[in-house]
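*Asks:* What would the 3D arrangement of this be:
(2 chains, ligands or ions: 1)
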Amino acid sequence: MQSPAETPLRLLGPDGRRIPNDDFDPWVSDITAERLAELYEDMVVVRRIDSEGIALQRQGQVGLWPPLRGQEAAQIGSARALRSDDFVFTSYRENAVAYCRGVGVEEMMPMWRGTAASGWDPYEFGMAPPAVIIGAQTLHATGYAMGCAKDGADSVAVAYFGDGATSQGDVSEAMVFAAAFRAPVIFLCQNNHWAISEPVSLVARRPLADRAPGFGIPSIRVDGNDVLAMMAATRWALDRARRGDGPSYIEAVTYRMGPHTTSDDPSRYADPAEHDEWLQLDPIARVERNLELNGLHSVHEVASRTADAVAADLRRACLELPDPRPLELFDHVFTEPTSRVLRQRSQYAAYLDMLGEER
Amino acid sequence: MAQKTLGAAIGLGLDGALAADDRVLLMGEDIGRLGGVFRVTDGLQKKWGADRVIDTPLAEAGILGTAVGLAYRGYRPVVEIQFDGFIYPAFDQIVAQVAKLHYRTRGAVRMPITIRVPFGGGIGAVEHHSESPEAYFAHTAGLRVVACSHPQDAYWMIRQAIACDDPVLFFEPKRRYWVTGEVDASLDAAPPLEAARVVVEGTDATIVTYGPLVATALDAALAAADEGISLEVIDLRSLSPVDFDTVEASVRKTGRLVITHEAQQFGGLGAELATSITERCFTHLLAAPARVTGHDIPYPPSRLEEHFLPDLDRVLDAVDRVLGRANSLTGWTL
Ligand SMILES: Cc1ncc(C[n+]2csc(CCOP(=O)(O)OP(=O)(O)O)c2C)c(N)n1
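*Replies:* So this is what the prediction gives:
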């Protein structure tokens, strides 16, 4: 299995010290201690969102939750590098990306609570609804990027996907199209080492970043637990895309610190020693150490106050989500309801009336 | 005989098939160490080894496509598709390759592939986890499509599906995985894979269904009996080919037909059953066949699924309709 020590790009060591890098330092030269503290706060907040999501699932308030613990830096570092006119296509674990895109907690929850198939307007936040079908979104991102290029816009599309997803044909096809059309798209693979119970070693004999060059797409392997390195790499890729140099591929090497979802049982397959090893590389702790080295001492208290407030909002928003009314079943099947849908709707309405049920 | 859950009965059948024929292989995502997300293959990798119970890469087209190659080579792959909604990436391999190779090669090549698919809703899942895609496959010539509904049949049917030289889509009603029943691990009493089963005999109307709704239809028969109505319940078991003879005999007796399935109505199996039975039994029918199905909408978010899935009341309402009873919503036609 890939060990964290083999990670190529790292700008912030686990001890919190900056690691100079001539190529990538310029991409984060504006990240002062104060701005790093903001990234830190983001990470603390999304970790709190995550544990609240898990708690809500345990309390039966949401059906399922996919924890992102351990992947905060990979998501925050990359997503905070984006502009609002960029567009992201994610799978289901990217609640931190959604947070960075400005998606409110009330819009984050409907899918998991089962009150709606998705929560937000993609055009409002530049973020598609989560793709549960593994890998499908990489093609969508590529097509969106092709559209940006056609329009002469310098917006960029980003596809987030997992290490498991790299086995899917869709991901290879996305890279073929992206390379063929020089699409301004970033393939952002979060290698969290697991596809449910299957380790990345099952599908990758080489680092996943090595696949892209074969398609003619430059790639970089990054310490995915280093928020600064993630931001630097993403800015490098964004710059290439905006300048018309086409797609890039980033492999964020990280680790899923929790179960796959709240229905999973990692004790059946994961090695606790490996988990402990990765605990030493925690993405939040190392930033905290760096900030302390720079004399910023109360960051934790400030960040956790914000996190508590957001978590309280999340809980309230979740509990307040109204159950959809039964007849909403028939809304939006087509842009204009067909006669068949209308007929079934009225029949079902009559049926509910007969039973004296609300509709 | 042992009490087993439906899921465990399938696991027992897989174990028996692995023992009976060393060309049988299991393939799928998370089926090894984890034992599958529903634990149907629990313990099988430990018992049979990782080269017979294979954790595959996360790629459904890859799973089915390599199963085709293994079948060419004389293996009998049993593949697990983790959830119904994830079969579509493999759709091309199934309908364009698996289904056609025997025909194309004039019988020279056999595709004894069993494709296990947990299907249907009712478990409060997120999207793509509650689909009923059986009609897509039943529409394709060259594929057998079956659905089990209780532990004993699940055991028999998985054994027969794996032994069958045709490709078989094997649909498992996921919300019934935990239902228990007696399982006889011999195959002696097993009905043929393509035979429908009259689960309850009755005289006033026939309910035809399969998979998750067999239990609902049985509940309906019980409830109807309280009102003095005698319902015959048929578990179709095989969705392609369909045992029309059994359904026809029943409808000739009862004169009334209700078909229920979770899948959307339009172009679903209900349409085929209603038409075929009407063709065969026109002069015996006392009412138009009635369908109780999912609506013609995408599977809804979980908080609405109770309004999508046919339930006892909707089935009874259709029974009232075919019986012309006053408390029905008569006049429903589509
Ligand atoms: C096409 C498809 N097949 C199977 C699944 C079931 N499934 C959901 S998540 C998952 C593992 C995904 O692993 P990875 O791509 O590494 O992403 P991660 O969950 O680690 O973020 C699987 C097998 C699915 N959602 N889609």
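
*Asks:* ok, and for the longest strand belonging to chain B, which residues are buried?
*Replies:* As assigned by DSSP state E, the longest strand anywhere in chain B is strand B:257-264. Within strand B:257-264, the residues that count as buried by 16 or more other C-beta atoms under 10 Å in any protein chain shown are B:257, B:258, B:259, B:260, B:261, B:262, B:263, B:264. For every residue, glycine as well, the C-beta is placed using N, CA and C.

*Asks:* so what's the last one up against?
*Replies:* If a contact means C-beta atoms under 8 Å, 6 or more residues apart in numbering or on different chains, then residue B:264 has B:132, B:293, B:294, B:295, B:296, B:297 as its contacts.

*Asks:* from these, which is closest to residue A:297?
*Replies:* Residue A:297 has its nearest neighbour among the contacts of residue B:264 in residue B:297, at 55.9 Å by C-beta to C-beta.

*Asks:* can you count the residues close to the closest one?
*Replies:* Neighbourhood size, residue B:297 [other C-beta atoms under 10 Å in any protein chain shown]: 18.

*Asks:* In a helix, it, correct?
*Replies:* No - per DSSP: H, G, I helix; E, B strand; the rest coil, residue B:297 lies outside any helix segment and is coil.

*Asks:* give the contact list for residue 94.
*Replies:* Because you didn't say which chain, this covers chain A. A:68, A:75, A:88, A:130, A:160 are the contacts of residue A:94 under C-beta under 8 Å, 6+ apart.

*Asks:* try chain B instead
*Replies:* B:64, B:87, B:115, B:137, B:140, B:143, B:167, B:169.

*Asks:* ok so, going back, which elements pack onto the helix or strand following the longest strand of chain B?
*Replies:* Moving toward the C-terminus from strand B:257-264, the next helix or strand (DSSP states H and E) is helix B:269-281. Judged by 3 or more C-beta pairs under 8 Å, 6 or more residues apart in numbering or on different chains; DSSP states H and E, the packing partners of helix B:269-281 are helix B:134-138, helix B:244-254, strand B:257-264, strand B:290-294.

*Asks:* wait, which of these is closest to the ligand?
*Replies:* helix B:134-138 (16.1 Å; C-beta to the nearest ligand atom).

*Asks:* wait, residue A:208 sits on residue A:164?
*Replies:* No - the pair residue A:208 / residue A:164 is not scored as a contact, 10.4 Å apart, by C-beta atoms under 8 Å.

*Asks:* could you give the angle of the helix or strand harbouring residue B:219 to strand B:257-264?
*Replies:* Residue B:219 is part of helix B:213-226, with elements assigned from DSSP H and E. If you take axes from the mean of the first three to the mean of the last three C-alpha atoms, to 10 degrees, helix B:213-226 sits at 140 degrees to strand B:257-264.

*Asks:* Three-state assignment for residue A:159, please.
*Replies:* strand.

*Asks:* any idea how far it is from chain B?
*Replies:* 16 Å (C-beta to the nearest C-beta, to the nearest Å).

*Asks:* what's the answer for residue A:208, then?
*Replies:* Going from residue A:208 to chain B by C-beta to the nearest C-beta gives 13 Å.

*Asks:* Could I get the full set of strands for the stretch 1-150 of chain B?
*Replies:* B:2-5, B:24-28, B:53-55, B:76-80, B:114-119, B:144-147 (DSSP state E, counting those that start in this stretch).

*Asks:* Quick one: those as CSV, columns for mean pLDDT, mean neighbour count and distance to the ligand too.
*Replies:* Conversion of the strands of the stretch 1-150 of chain B to CSV gives the following (pLDDT from 0 to 100; neighbours: other C-beta atoms under 10 Å in any protein chain shown; distance: least, C-beta to the nearest ligand atom, whole Å):
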stretch, mean pLDDT, mean neighbour count, distance to the ligand
strand B:2-5, 95, 16, 22
strand B:24-28, 98, 23, 10
strand B:53-55, 98, 23, 11
strand B:76-80, 98, 26, 11
strand B:114-119, 98, 26, 11
strand B:144-147, 98, 26, 21
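
*Asks:* and of those, who's closest to chain A?
*Replies:* strand B:53-55 (5.6 Å; C-beta to the nearest C-beta).

*Asks:* now check that closest one, is it near chain A?
*Replies:* Yes - contact of strand B:53-55 with chain A (C-beta under 8 Å from any C-beta of the partner chain) involves residue B:55.

*Asks:* quick one: contacts for residue B:62?
*Replies:* Neighbours of residue B:62 in contact, by C-beta under 8 Å, 6+ apart: A:167, A:169, B:56.

*Asks:* Tell me, how many residues neighbour the first one?
*Replies:* Pointing back at residue A:167 there. Residue A:167 has 24 nearby residues by other C-beta under 10 Å.

*Asks:* Tell me how far it lies from residue B:29.
*Replies:* Residue A:167 sits 9 Å away from residue B:29, going by C-beta to C-beta, to the nearest Å.

*Asks:* what is in contact with these two at once?
*Replies:* Common neighbours of residue A:167 and residue B:29, counting by C-beta under 8 Å, 6+ apart, are A:195, B:57, B:58.

*Asks:* which of those tops the neighbour count?
*Replies:* residue B:58 (26 neighbours).

*Asks:* Find me the pLDDT at that residue, would you?
*Replies:* Residue B:58 carries a pLDDT score of 98 in this model.

*Asks:* That one - nearest residue in space that isn't next to it in sequence?
*Replies:* What sits nearest to residue B:58 in space, not counting adjacent residues and going by C-beta to C-beta, 6 or more residues apart in numbering or on different chains, is residue A:164, at 4.1 Å.

*Asks:* How about residues contacting stretch B:166-174?
*Replies:* Contacts of stretch B:166-174 (C-beta under 8 Å, 6+ apart): B:6-7, B:10, B:38, B:40, B:83, B:94, B:98-99, B:102, B:110-120, B:123, B:134, B:137, B:142-149, B:154, B:157-158, B:161, B:193, B:211-212, B:239.

*Asks:* touching the ligand at all, it?
*Replies:* No - for stretch B:166-174, no contact with the ligand is found by C-beta under 6 Å from any ligand atom; the gap never falls below 13.6 Å.

*Asks:* any idea of the mean pLDDT in that stretch?
*Replies:* 98.

*Asks:* cool, stretch B:312-327 as well?
*Replies:* 90.

*Asks:* which residues are in contact with that stretch?
*Replies:* Outside stretch B:312-327, the residues that reach it (C-beta under 8 Å, 6+ apart) are A:351, A:354-355, B:204-205, B:207, B:213, B:216-217, B:219-220, B:223-224, B:229, B:231, B:256-258, B:260, B:286-292, B:328-330, B:332.

*Asks:* pull the CA atoms of that stretch into PDB?
*Replies:* Extracted C-alpha coordinates of stretch B:312-327, given in PDB (Å, rounded to 0.1, in the frame of the first residue of the first chain):
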ATOM      1  CA  LEU B 312     -51.900  -3.700   0.800                       C
ATOM      2  CA  ASP B 313     -54.500  -1.000   0.300                       C
ATOM      3  CA  ARG B 314     -53.700  -0.300  -3.300                       C
ATOM      4  CA  VAL B 315     -53.800  -4.000  -4.100                       C
ATOM      5  CA  LEU B 316     -57.100  -4.400  -2.400                       C
ATOM      6  CA  ASP B 317     -58.400  -1.300  -4.200                       C
ATOM      7  CA  ALA B 318     -57.500  -3.000  -7.500                       C
ATOM      8  CA  VAL B 319     -59.200  -6.200  -6.300                       C
ATOM      9  CA  ASP B 320     -62.400  -4.200  -5.600                       C
ATOM     10  CA  ARG B 321     -62.100  -2.700  -9.100                       C
ATOM     11  CA  VAL B 322     -61.900  -6.000 -10.900                       C
ATOM     12  CA  LEU B 323     -64.800  -7.300  -8.800                       C
ATOM     13  CA  GLY B 324     -66.800  -4.100  -9.600                       C
ATOM     14  CA  ARG B 325     -67.200  -3.400  -5.900                       C
ATOM     15  CA  ALA B 326     -68.700   0.000  -4.900                       C
ATOM     16  CA  ASN B 327     -65.900   1.000  -2.600                       C
END
